[in-house]
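Enquirer: Quick one, structure for this:
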Amino acid sequence: MATSPAPSLPPISPQSFDGVRHFLTLLLRLSGRRELLLLLGLTLTGSLAEGAGLLLLLPLLNMIGVGGQAPPASGLLVGGLGFYLLLVTAAAGIVAVRGIMAPDMRNRFIDRLRSDLHGALLHVSWPVFQNLRATDVKHILIAETSRIGMCHTQLLGLLVSGLTIPVMLIAALVMSPLLTLLTLLVAAGALLLIRRIGRSGFGLGMRMGQAMMAMTADLTDDLSGLRLIKGFGAQEIRRSQLERRFADIRHLQRRQTRIQVLEHAALTVAAALVAVVAILTAVLWAHLQLATAMVVILAFARLAQQGLGSIRVWRQLEAGLPAVLVYEEMLARLCAGAEPSVGAGLPALSQSLAFQGVSWRTTDGRQALDGVNLVLPFGSLLAVTGPSGAGKSTLADLAAGLAQPTAGRLCVDGWELTPDLLPAWRQQVAVVPQDPFLFHDTIRANLLLAAPQATEADLWAALEEAAAVDFVRALPRGLDTVVGDRGNSVSGGERQRLAIARAMLRHPRLLILDEATSALDAGSEAMILRTLDRLRGHVTILAVTHRDATRRAADHVLELEAGRVVGSARGSHLAL
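Expert: The predicted structure is shown next:
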């Protein structure tokens, strides 16, 4: 690996200021203005109290004879010290309140960021979602929002420095204008000499975020595809891939650390130089009284501390600002792909679902469906068959209202399903996919997802219809059994029957089974088909299937090939 060049870029890039602008826009939009103003007021008050305490320190030192004066009356001294203590206590109290408020504000800010992104994700249209990489969204939702939260903390640190430095400068100017101006000139010269050590952390922070996102994606793929990896004996390939990701991140972290350490060391030396110049000037040239010199030097020490800290915090802020732009880009992408808001209500399906010259073209230009005409009468059972890639699942997705045809019309009882009607239509539809998804939760919670108001009797009735009641009753905790990640603690057939029960619980007007009986044995399939037969006349059923039993049970069979209808018949008698 080639050695990275020594840091030599200008200290601040235009991208950094653009990132700050975006961050402030987010902060003002998502945080309470009253809270922000209160935090600003507390910070300003604390800085003023600190400056007043510093100015009060000079007469106190004179009172106790540091400047050569005779000690004052004890009452005056006690009063002065008491007032000084009061100022210090007030400043400390303000800092404590700010220290409690700031993390709470930051956490609520992060929660709002995550909530907004999650909400946009849940409302994005299905075609847009299919073109997203889920791991990218997950990484932004968790890791990048945390980086934005750190920007909140760092911005507060800059705010504290930005308010404290002017107060300290004013205090120093009041005590010794000449010494203050001279020391500032020395400090400015020192900063010019070391300015090339610090480089903009924005680009490095952007590359760090990209490297972390790539690592998260690889790790997620490994978890999802572990069976495949073990089956092909590809453990070493995947391990090496992830190790390269770790090495990339480590290299970027090393560069970032080197820049920060070198800059910190240079600034520390610069601060010491300023202090030495201040002391020599105060004692040898300006001939300031000892008390005045001590307070001025104390003020400059505080200035150096705040200045050094603010530069370090700015570098950290620069490294986190790319997360703001990444977050906003994903949020904008999701919002642009959001489904239209719900329009007028849609009457319950009672006559037919009709495909009228329906076509669907994928984003890469492939024609998944081509001019499909189909009328599915209410209460009937349609079996859709065909080879892999024929367009069966695309037809099921369109029927479910997950997407709009790229050409043609989809009508429910003569109502065209325009985009604003799709959410209302999906309320009448239940889908059971070939690989059903169960949340890492109890059976009860997974069923109630379809019908939150369902009673215990409703749950068992749905399980009975799906031929799942026996295996659920046999479980040690019954409905309160946790099914594991993606339902992996139950068998494929049991998972499929739970998904069918969940769909039944919804009492849909259209039930779509996308190879839903493929994982069931002949006995379980027969029980499901008997359930479907009982539903005939009350629910419209569209079954994508390769199983002969389902084809025989159907009122109509439709065969697709290359996105076109190539055969249709009643029952299992195809007219090819």
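Enquirer: Domain ranges for the chain, per the record?
Expert: 15-336, 352-570 (automatic domain parsing).
Enquirer: Check those domains for me: which has the lowest mean pLDDT.
Expert: Between those, the one with the least mean pLDDT is domain 15-336; it has a mean of 77.
Enquirer: Strands of the protein, start to end?
Expert: 352-361, 367-377, 381-385, 407-412, 415-416, 429-432, 510-514, 540-544, 556-561, 564-570 (DSSP state E).
Enquirer: Reformat those as a markdown table; add mean neighbour count and distance to A266.
Expert: Just so you know, the C-beta spots here come from the backbone N, C-alpha and C atoms, and that holds for glycine as well. Shown next, in a markdown table, are these (neighbours: other Cβ atoms under 10 Å; distance: least, Cβ to Cβ, whole Å):
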| stretch | mean neighbour count | distance to A266 |
| --- | --- | --- |
| strand 352-361 | 19 | 60 |
| strand 367-377 | 18 | 61 |
| strand 381-385 | 24 | 71 |
| strand 407-412 | 18 | 66 |
| strand 415-416 | 13 | 70 |
| strand 429-432 | 23 | 63 |
| strand 510-514 | 24 | 64 |
| strand 540-544 | 26 | 68 |
| strand 556-561 | 21 | 70 |
| strand 564-570 | 15 | 72 |
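Enquirer: what's the spacing between the lengthiest helix in the chain and its chain's center?
Expert: The longest helix of the chain (DSSP state H) is helix 74-122. The chain centre lies 27 Å from the centre of helix 74-122; the measure is Cα atoms, centre = their mean, to the nearest Å.
Enquirer: how much space between the residue nearest the centre of the chain and A526?
Expert: What sits nearest the mean C-alpha location of the chain, by Cα atoms, centre = their mean, is L141, with 1.3 Å. Noted for L141: a distance of 44 Å to A526, by Cβ to Cβ, to the nearest Å.
Enquirer: now swap in I259 and tell me
Expert: Computed as Cβ to Cβ, the I259 to A526 distance reads 70 Å.
Enquirer: Would you mind saying which of the strands of the chain lies nearest L37?
Expert: Across those, L37 has its closest neighbour in strand 429-432 (49.0 Å, Cβ to Cβ).
Enquirer: What is that closest one packed up against?
Expert: Applying 3 or more Cβ pairs under 8 Å, 6 or more residues apart in numbering; DSSP states H and E, we find strand 429-432 packed against helix 492-505, strand 510-514.
Enquirer: Mind doing that once more with 10 Å?
Expert: Counting contacts by 3 or more Cβ pairs under 10 Å, 6 or more residues apart in numbering; DSSP states H and E, strand 429-432 is packed against helix 392-399, helix 492-505, strand 510-514, strand 540-544.
Enquirer: quick one: the last one to strand 381-385, angle?
Expert: Taking axes from the mean of the first three to the mean of the last three Cα atoms, to 10 degrees, one finds strand 540-544 and strand 381-385 inclined to each other by 20 degrees.
Enquirer: gap between strand 540-544 and the chain center?
Expert: That offset, for strand 540-544, works out to 37 Å (Cα atoms, centre = their mean).
Enquirer: Mind listing the strands that strand pairs with, and their directions?
Expert: strand 381-385 (parallel), strand 510-514 (parallel) (DSSP bridges).
Enquirer: of all those strands, which lies closest to V88?
Expert: strand 510-514 (71.0 Å).
Enquirer: if we can go back for a sec, what about I259 and A526, which has more around it?
Expert: I259 (21 against 15; other Cβ atoms under 10 Å).
Enquirer: Give me the distance between T216 and L223.
Expert: Separation of T216 from L223 (Cβ to Cβ): 11 Å.
Enquirer: what does A562 give?
Expert: According to Cβ to Cβ, A562 and L223 sit 35 Å apart.
Enquirer: So between those two, which is more surrounded?
Expert: Neighbours were counted for A562 and for L223 using other Cβ under 10 Å; A562 has more, 14 against 10.
Enquirer: show me what contacts S115?
Expert: L30, L141 (Cβ atoms under 10 Å, 6 or more residues apart in numbering).
Enquirer: same check, this time on the one 5 residues further on
Expert: Listed by Cβ under 10 Å, 6+ apart, the contact set of A120 reads V137, M330, L331, A332, R333, L334, C335, A336, G337, A338.
Enquirer: Buried only: go through the residues you listed for me.
Expert: V137, M330, L331, L334, G337 (16 or more other Cβ atoms under 10 Å).
Enquirer: Where helices are concerned, which of those count?
Expert: Per DSSP H, helices hold the following members of the buried ones among the contacts of A120: V137, M330, L331, L334.
Enquirer: So the second one is in contact with A134, correct?
Expert: No. Contact between M330 and A134 fails when scored by Cβ atoms under 10 Å: they sit 11.9 Å apart.
Enquirer: Which residues does stretch 452-466 contact?
Expert: Counting by Cβ under 10 Å, 6+ apart, residues outside stretch 452-466 touching it are 432, 443-444, 447-448, 450-451, 468-473, 478-479, 496-507, 516, 524, 527-528, 530-532, 534-535.
Enquirer: let's see 8 Å
Expert: Applying Cβ atoms under 8 Å, 6 or more residues apart in numbering, the contact partners of stretch 452-466 are 444, 447-448, 451, 469, 472, 479, 497-498, 500-502, 504-505, 528, 531, 534.
Enquirer: Now it - C-alpha only, CSV.
Expert: What follows is stretch 452-466 as a C-alpha-only set of coordinates in CSV (Å, rounded to 0.1, in the frame of the first residue of the first chain):
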residue,chain,number,x,y,z
PRO,A,452,-54.3,-5.2,15.4
GLN,A,453,-57.8,-5.5,16.9
ALA,A,454,-58.2,-9.2,16.4
THR,A,455,-59.3,-11.3,19.4
GLU,A,456,-57.7,-14.5,20.7
ALA,A,457,-60.6,-16.4,19.0
ASP,A,458,-59.9,-14.7,15.7
LEU,A,459,-56.2,-15.7,15.9
TRP,A,460,-57.0,-19.4,16.5
ALA,A,461,-59.7,-19.3,13.8
ALA,A,462,-57.1,-18.0,11.3
LEU,A,463,-54.6,-20.6,12.3
GLU,A,464,-57.3,-23.3,11.9
GLU,A,465,-58.0,-22.0,8.3
ALA,A,466,-54.3,-22.2,7.5
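Enquirer: tell me which residues of it are tucked away?
Expert: For stretch 452-466, burial by neighbour count (16+ other Cβ under 10 Å) applies to A454, D458, L459, W460, A461, A462, L463, E464, E465, A466.
Enquirer: Likewise for stretch 309-319?
Expert: Across stretch 309-319, burial judged by 16+ other Cβ under 10 Å covers G309, S310, I311, R312, V313, W314, R315, Q316, L317, E318, A319.
Enquirer: what about it, distance to the chain center?
Expert: Centre to centre, stretch against its chain (Cα atoms, centre = their mean), the figure for stretch 309-319 is 23 Å.
Enquirer: Run through who's touching it.
Expert: Applying Cβ under 8 Å, 6+ apart, the contact partners of stretch 309-319 are 12-13, 16, 19-20, 150-151, 154-155, 157-158, 161-162, 165, 198, 200-202, 204-205, 208, 256, 259-260, 263-264, 267.
Enquirer: From those, keep the buried residues only.
Expert: The neighbour-count test (16+ other Cβ under 10 Å) marks 12-13, 16, 19-20, 150-151, 154-155, 157-158, 161, 165, 198, 200-202, 204-205, 208, 256, 259-260, 263-264, 267 as buried among the contacts of stretch 309-319.
Enquirer: Please name the nearest non-neighbouring residue to L529.
Expert: Leaving out its chain neighbours, the residue that sits closest to L529 by Cβ to Cβ, 6 or more residues apart in numbering is A553, at 5.0 Å.
Enquirer: What distance do you get for that neighbour to V20?
Expert: Applying Cβ to Cβ to A553 and V20 gives a distance of 64 Å.
Enquirer: Equivalent analysis for T517, please.
Expert: 57 Å.
Enquirer: ditto for Q130
Expert: According to Cβ to Cβ, Q130 and V20 sit 35 Å apart.
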